[in-house]
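**Student:** need coordinates for the below:
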Amino acid sequence: MIEISVQVVDHALDGLIYDMELYFGDQSPSWQGAQPLQWPAGWNPVPIAAGIGFRTETAPLTPAAASRIVIQVVPPAAGNTIWIALTGRDHRILGYIVSQRT
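**Tutor:** I've put the predicted structure just below:
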């Protein structure tokens, strides 16, 4: 089980992030799959090609507070980083962030 906390620190991104996408092949080692267990209020898990995503229509990320997702990864992840693609309302990629094991 992996808990990921995402905090917006760049105020230029305030209210622009509507989607967090984790692609299995981008992870090291690669994941075979993942099951969503918890996600922020106003967000929902969504299936994406070769990964798992979390999306909102009404509650984009803001600098006000960290957002938390919890997933179960198959096979259990042994890597120290997780790559996450962030997209806007139109599903265009705004950029990538790397979550580091703490």
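**Student:** C-alpha from now on. contacts and neighbour counts both.
**Tutor:** Will do.
**Student:** give the contact list for the residue nearest the centre of the chain.
**Tutor:** For the chain, the residue sitting closest to the mean C-alpha position, by CA atoms, centre = their mean, is residue 20 at 3.7 Å. Residue 20 is in contact with 53-55, 84-87, counting by CA atoms under 8 Å, 6 or more residues apart in numbering.
**Student:** can you pick the most crowded of the residues you listed?
**Tutor:** Counting by other CA atoms under 10 Å, residue 55 has the largest number of neighbours within the contacts of residue 20, with 25 neighbours.
**Student:** quick check: bridge partners of that residue?
**Tutor:** Residue 55 forms beta bridges with residue 19, residue 44, as assigned by DSSP bridges.
**Student:** circling back: so what pLDDT did the residue nearest to the centre of the chain get?
**Tutor:** Looking at residue 20, its pLDDT is 97.
**Student:** restricted to strands, list the contacts of residue 20.
**Tutor:** Judged by DSSP state E, the contacts of residue 20 include 53-55, 84-87 as members of strands.
**Student:** how far away is residue 64 from residue 57?
**Tutor:** 18 Å (CA to CA, to the nearest Å).
**Student:** let me redo that: residue 37
**Tutor:** 20 Å.
**Student:** ditto for residue 7
**Tutor:** Taking CA to CA as the measure, residue 7 falls 19 Å from residue 57.
**Student:** the more surrounded of those two?
**Tutor:** residue 7 (14 against 11).
**Student:** leaving out chain neighbours, which residue sits closest to the more buried one?
**Tutor:** Excluding its sequence neighbours, the residue lying closest to residue 7 (CA to CA, 6 or more residues apart in numbering) is residue 66, at 4.4 Å.
**Student:** give me every residue that touches that neighbour.
**Tutor:** Counted by CA under 8 Å, 6+ apart, residue 66 has contacts 5-8.
**Student:** now the phi/psi pair for it, please.
**Tutor:** phi -70, psi 150 (degrees, to the nearest 10).
**Student:** pLDDT value on it, please?
**Tutor:** At residue 66, the pLDDT value in this model is 89.
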